[in-house]
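Novice: Coordinates only, no sequence provided:
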């Protein structure tokens, strides 16, 4: 099965990261790279995203012109900061992987809808 | 010569609802296990078992319980399955090959329990699924036991089964590195059933006795995982509660608190059995919250009367429990014992310190009231009891509190 891991940062996490010394920050990034390498056999792609301040949202309501706004679709303390697609046997394997994730404090796991021929 | 066609004997086959539930529970989970194995489809197996259970509960009270209830359930489920799988010939063939009697391996029975209690499912769904699939309750029975509508229960089950399929929740026993966390999840579900059942015994006869199901599940799990001390601890805890259940109510149906219970009404043989179970578990030297709670209950259960209670030992057990599983509720219960080891004044100070977390909990006020009364502060005690009364919906507890408020200082 395929899943997307949505990595979610909090304001606190961002502040903590900023307060770190350069050496500590490098070390934190290293842990994340190592985690990615450890699970390379299951990872099918993904990216770290630019900060939420760079986001643009388009709202497409029926009957009116698209409305373009600055910022993410929900103004919140928690923002998606990256994603990874993984391919494993089942949810337990993802949970196992994620249990050692060394980065941001929230990870949402979403199964990818697999559309087979003849199915809607 | 006249031929009398004899209907299958049904004399002496009349069974109480409770016996009926027990027979169904003995077989439903096993049947579900076999069906998942054959079809590889948890959601469908669950549906088939539920159909068979509903049919049994409709027909057995009228026709009598068949000689082989498991064969009966099996046949109904299989026929429904063959019907449902008309278009899927591969499953159909497998299902045709399925023969009674079904004797699932212990691993299969564990798989079923762990899947129902998967942490990716919300707690109410874990409970509903476990009761339906493992214990063979109907949706209606679950709804009555938890005072929710059948639609609510049905929706929980449907959503949970969809999630199992679509999110890829596996049907297997967790890996060794996940096992202890996942076992805690299963034990929490059983513990909640115990609590729910324990509290609702106030309205006995109104709903299914969930304590029965909790004990059965714990016993099943203990048989499947005999080396897990916390499973044994929870089973002992349930049995210790049950051994004293008859003394919790007087002949008029009023709740009797531990202090005033007639201990000759306790099942002392069951208490001794449960204590032995607990001692065997303790030999693993892996104390856990359930073993400790059971040990506290055993401490009371093995004492001849309230006056001889070993409060020092109980405080010690609470200290260990709080060390492993800090909780304001355990602190509150510990303060009852502290009243006898450190005096009511010290105990009251400790209870008052818990206000922030427990202000909305009726027992916090009831215990405070008791301590205030002991200290001769009657008005404050009554006010605290009144506060407790406002916060509980349990009729038996309400009755006790009302008596205390009405009768002032003498009521227990």
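Specialist: Thanks, I have the structure now. Since this is a predicted model, take the numbers as computed values, not measurements. Residues are numbered from 1 along each chain as shown, chains lettered A, B, ... in the order given.
Novice: residues making contact with stretch B:253-267?
Specialist: With contacts defined as C-beta atoms under 8 Å, 6 or more residues apart in numbering or on different chains, stretch B:253-267 is touched by B:202, B:204, B:242-244, B:246-250, B:300-301, B:304-306, B:396-397, B:399-400, B:412. From N, CA and C alone the C-beta is placed, and that goes for glycine too.
Novice: Give me the subset of the residues you listed lying in helices.
Specialist: Here DSSP state H is the test, and these give B:242, B:243, B:300, B:301, B:396, B:397, B:399, B:400 as lying in helices.
Novice: picking that back up, of the contacts of stretch B:253-267, buried ones?
Specialist: B:202, B:242-244, B:247-249, B:300-301, B:396-397, B:399-400 (16 or more other C-beta atoms under 10 Å in any protein chain shown).
Novice: Now render the residues you listed as a markdown table, adding distance to chain A and pLDDT.
Specialist: Shown next, in a markdown table, are the buried ones among the contacts of stretch B:253-267 (distance: C-beta to the nearest C-beta, whole Å; pLDDT from 0 to 100):
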| residue | distance to chain A | pLDDT |
| --- | --- | --- |
| B:202 | 39 | 51 |
| B:242 | 35 | 94 |
| B:243 | 38 | 95 |
| B:244 | 40 | 92 |
| B:247 | 45 | 89 |
| B:248 | 41 | 86 |
| B:249 | 45 | 84 |
| B:300 | 39 | 95 |
| B:301 | 39 | 94 |
| B:396 | 42 | 80 |
| B:397 | 40 | 83 |
| B:399 | 46 | 84 |
| B:400 | 45 | 83 |
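Novice: Tell me, please, where in the chain the pLDDT is lower than the cut-off.
Specialist: Picking chain A for this. With pLDDT under 70 as the threshold, chain A has low-confidence stretches at A:117-120.
Novice: Let me rephrase: I mean chain B.
Specialist: Counting by pLDDT under 70, chain B contains low-confidence ranges at B:1-14, B:102, B:201-207, B:407-412.
Novice: Let me see the ranges of the strands in it.
Specialist: Assigned strands in chain B: none (criterion: DSSP state E).
Novice: Would you confirm that residue B:36 contacts residue B:171?
Specialist: Yes - the pair residue B:36 and residue B:171 qualifies as a contact (C-beta atoms under 8 Å) at a distance of 6.3 Å.
Novice: Of these two, give the one with the bigger neighbour count.
Specialist: residue B:36 (24 against 19; other C-beta atoms under 10 Å in any protein chain shown).
Novice: dump the residue contacts of that one.
Specialist: Counted by C-beta under 8 Å, 6+ apart, residue B:36 has contacts B:42, B:45, B:108, B:111, B:112, B:171.
Novice: Skipping adjacent residues, who's closest to the fifth one in space?
Specialist: Spelled out, that is residue B:112. Take residue B:112 and drop its neighbours on the chain: the residue closest to it by C-beta to C-beta, 6 or more residues apart in numbering or on different chains is residue B:33, 5.2 Å away.
Novice: Can you report how many residues lie near whichever residue of chain A sits closest to chain B?
Specialist: Closest approach of chain A to chain B (C-beta to the nearest C-beta) occurs at residue A:90, with a separation of 3.8 Å. Neighbours of residue A:90 under the rule other C-beta under 10 Å: 16.
Novice: contacts for stretch B:282-301?
Specialist: Outside stretch B:282-301, the residues that reach it (C-beta under 8 Å, 6+ apart) are B:187, B:191, B:227, B:229-230, B:232-234, B:236-237, B:240-241, B:243-244, B:258, B:266, B:271, B:274-275, B:278, B:281, B:309-310, B:313-314, B:317-318, B:320-321, B:324-325.
Novice: Which PyMOL command selects the buried ones in the residues you listed?
Specialist: Remark: buried members of these, expressed as a PyMOL selection using 16+ other C-beta under 10 Å:
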select buried, chain B and resi 187+191+229+230+232+233+234+236+237+240+241+243+244+266+271+274+275+278+281+309+314+317+318+321
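Novice: excluding its backbone neighbours, what's nearest residue B:319?
Specialist: Counting by C-beta to C-beta, 6+ apart, the nearest residue to residue B:319 once its immediate chain neighbours are dropped is residue B:334, at 7.6 Å.
Novice: Confirm for me that the one you found is in contact with residue B:317.
Specialist: No - with contacts counted by C-beta under 8 Å, residue B:334 stays clear of residue B:317, the gap being 9.0 Å.
Novice: Identify the contacts common to residue B:36 and residue B:171.
Specialist: Where contact means C-beta under 8 Å, 6+ apart, the residues bridging residue B:36 and residue B:171 through contact with each are B:42, B:111, B:112.
Novice: if I pick the first one, what's in contact with it?
Specialist: Read that as residue B:42. By C-beta under 8 Å, 6+ apart, the contact list for residue B:42 reads B:36, B:115, B:161, B:164, B:165, B:171.
Novice: Which of the residues you listed fall within helices?
Specialist: Judged by DSSP H, the subset of these located in helices is B:36, B:115, B:161, B:164, B:165.
Novice: Take these and lay them out in a markdown table including distance to residue B:98.
Specialist: Shown next, in a markdown table, are those (distance: C-beta to C-beta, whole Å):
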| residue | distance to residue B:98 |
| --- | --- |
| B:36 | 11 |
| B:115 | 20 |
| B:161 | 21 |
| B:164 | 22 |
| B:165 | 21 |
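Novice: which one of those residues is nearest residue B:75?
Specialist: Within the ones in helices among the contacts of residue B:42, distances to residue B:75 taken as C-beta to C-beta reach their minimum at residue B:36, with 18.0 Å.
Novice: and chain A, which residues reach chain B?
Specialist: Contact residues (C-beta under 8 Å from any C-beta of the partner chain) of chain A with chain B: A:1, A:3, A:89, A:90, A:91, A:92, A:95, A:96, A:109, A:111.
Novice: List of residues touching stretch A:17-37?
Specialist: A:43, A:84, A:100, A:101, A:102, A:103.
Novice: So in chain A, which helix runs the longest?
Specialist: Ordering each helix of chain A by length in residues (DSSP H) puts helix A:22-38 first.
Novice: Please identify the buried residues of it?
Specialist: Buried positions in helix A:22-38, judged by neighbour count with 16+ other C-beta under 10 Å: A:32, A:35.
Novice: can you check stretch A:77-93 too?
Specialist: Within stretch A:77-93, the residues scored as buried using 16+ other C-beta under 10 Å are A:78-84, A:86, A:88, A:90-93.
Novice: quick revisit: which one of the contacts of residue B:36 is nearest chain A?
Specialist: For these, the residue nearest chain A by C-beta to the nearest C-beta is residue B:171; the value is 8.7 Å.
Novice: show me what contacts that closest one?
Specialist: Residue B:171 makes contacts with B:36, B:42, B:111, B:112, B:115, as judged by C-beta under 8 Å, 6+ apart.
Novice: Dump the residues you listed to JSON lines, plus distance to residue B:54.
Specialist: Conversion of the contacts of residue B:171 to JSON lines gives the following (distance: C-beta to C-beta, whole Å):
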{"residue": "B:36", "distance to residue B:54": "19"}
{"residue": "B:42", "distance to residue B:54": "19"}
{"residue": "B:111", "distance to residue B:54": "24"}
{"residue": "B:112", "distance to residue B:54": "19"}
{"residue": "B:115", "distance to residue B:54": "22"}
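Novice: Which members of these are the farthest-apart pair?
Specialist: Across the contacts of residue B:171, no pair lies farther apart than B:42 and B:111, at 9.5 Å, counting by C-beta to C-beta.
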